[in-house]
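Q: Here is my input, please return the structure:
(one chain, ligands or ions: 1)
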Amino acid sequence: MKINKNYLNLKPSYLFKNIAERTEKYKKENPDADIIRMGIGDVTLPLCKSAVKEMIAASEEMSDINSFHGYPESFGEDFLLDAIKYHYSKHIGVEVDTSEIIVTCGAKEDTANILDIFDTDNTVLIPDPVYPVYLDTNIMAGREVKFISANAENGFLPMPTEKDKADIIYICSPNNPTGEVYSKEQLKIWVDFALANNSVILYDAAYEMFISDIELPRSIFQVEGARKCAIEFCSFSKTAGFTGVRCGYTVIPKELEADGMKLLDMWKRRQSTKFNGVSYVVQRAAAAVFTDEGYSEICENINYYRTNTENMMQTFDSLGIKYYGGKHSPYIWLKCPSDMKSWDFFDFLLKECNIVGTPGAGFGENGEGYFRLSGFGNIERTKEALKRIEDKLKK
Ligand code: PLP
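A: Next up is the predicted model:
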């Protein structure tokens, strides 16, 4: 037996382990410290009422021999596909066919598993910094990876040039960790670049619900030409607090072809071979999220998180600290004050303010000197954290 030696090329994923270890050590030495966690990318508000009501009703059905469900449909039950189509049409203004939507357990799984349908010889372009899953999954497959630099000069929204040509291009907008969002005009340039070079764009829209400006695209399919070059990944995780429930969806337009094959057909073949569908109970809950009632409930939750990012932006504005994101994202990406390095600022915040955040260096080389704070916490606790930061950093 031989192992997949590509795994030996993976860097140890020490970011969250290191955060936990430093925090634990500090807590041991300072047992009375009231630590506020602003590092997590997980949601904290519970599921909306409409989703829970449907989950309970679906569970009841499962307990009755006349309404019990066995294996779900491989690509999603019709009622959920219809609900997702409705969401695209009503809230985003994009028409997709239900046959182009494939329901799964989440965007992490999909952005990773989609690589099955692409040749390992393909070159890959990944922004730096970004959600680490894109890089590690390509290393596992042994692909050559190129980076495109997101930095202060380009407002953490890099645009392609000749040297960025690649077969597979990742775009995450709103971005994790920087919170920045591409405009339609910028995405059009990416789409034209992909079309000209025969590339596919893997578009991660996991945070689309946080976009509050109707001029900004929530889907790459709002851009002309994208149906010929893009695959979109979406999730109920951040949209509706499903991080622990698990449900997401991928959209592959029928037009998207390479080597005479439709990528939609290939993905469906891959899914029906390796995946047995999302639980019926979960799909019922997910469909409830996109009813008018469910949608207004999840908007309330998003607004709750938005209050946190608004409060953060106010504080950092008043302190003169440069930051990105926040407006259309649950994340604030701030420049560490006094040119501190990411991990030094982590230690500073932990020791001086008893706040835990996420060092930007953990998301790629360009993250050094930056820091991610999350708006997914409790409003009162976030206010308390901001007061502590203000007290420490006010000149
Ligand atoms: N994509 C991005 C950019 C993320 O930040 C995350 C989670 O933090 C995911 C995907 C994972 O989403 P899911 O919970 O649907 O797997």
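Q: Close to the ligand: what parts of the stretch 151-300 of the chain are there?
A: 172, 176, 204, 206, 235, 237, 243, 248 (C-beta under 6 Å from any ligand atom). The way it works is simple: take the backbone N, C-alpha and C, and place the C-beta from them, glycine included.
Q: element containing residue 84?
A: Assigned by DSSP states H and E, residue 84 belongs to helix 78-87.
Q: quick revisit: and which of the residues of the stretch 151-300 of the chain next to the ligand is nearest to residue 44?
A: Nearest to residue 44 out of these is residue 243 (C-beta to C-beta; 9.8 Å).
Q: Need phi/psi at the closest one.
A: phi -60, psi -30 (degrees, to the nearest 10).
Q: Quick check: closest non-adjacent residue to it.
A: Spatial nearest neighbour of residue 243, chain neighbours left out: residue 237 (4.6 Å); criterion: C-beta to C-beta, 6 or more residues apart in numbering.
Q: What's the mean pLDDT across the host helix or strand of that neighbour?
A: Assigned by DSSP H and E, residue 237 belongs to helix 236-240. Mean per-residue pLDDT for helix 236-240: 97.
Q: Show me what it is packed against.
A: Contact here means 3 or more C-beta pairs under 8 Å, 6 or more residues apart in numbering; DSSP states H and E; on that basis helix 236-240 packs against helix 280-289, helix 292-319.
Q: which outside residues touch the first one?
A: Contact with helix 280-289 is made by 47-48, 50-55, 57-59, 61-62, 69, 72, 76-77, 79-80, 82-83, 103, 236, 239-240, 242, 245-247, 278, 294-295, 298, as judged by C-beta atoms under 8 Å, 6 or more residues apart in numbering.
Q: now those residues: which count as buried?
A: Using 16 or more other C-beta atoms under 10 Å as the burial test, the contacts of helix 280-289 include 47-48, 50-51, 53-55, 58, 72, 76-77, 80, 83, 103, 236, 239-240, 242, 245-247, 278, 294-295, 298 as buried.
Q: what helices or strands is the helix or strand harbouring residue 187 leaning on?
A: Assigned by DSSP H and E, residue 187 falls within helix 184-197. Counting contacts by 3+ C-beta pairs under 8 Å, 6+ apart, helix 184-197 is packed against strand 168-172, strand 200-204.
Q: Which residues does the last one contact?
A: Residues from elsewhere that reach strand 200-204 (C-beta under 8 Å, 6+ apart): 107, 111, 114, 118, 131, 134, 167-173, 190-191, 194, 220, 226, 229-233, 256, 258, 263.
Q: Sheet partners, orientation included, of it?
A: Applying DSSP bridges to the sheet, strand 200-204 is found paired with strand 168-172 (parallel), strand 230-235 (parallel).
Q: Next, the angle from the last one to helix 78-87.
A: Angular relation of strand 230-235 and helix 78-87 on a 0 to 180 degree scale: 110 degrees, by axes from the mean of the first three to the mean of the last three C-alpha atoms, to 10 degrees.
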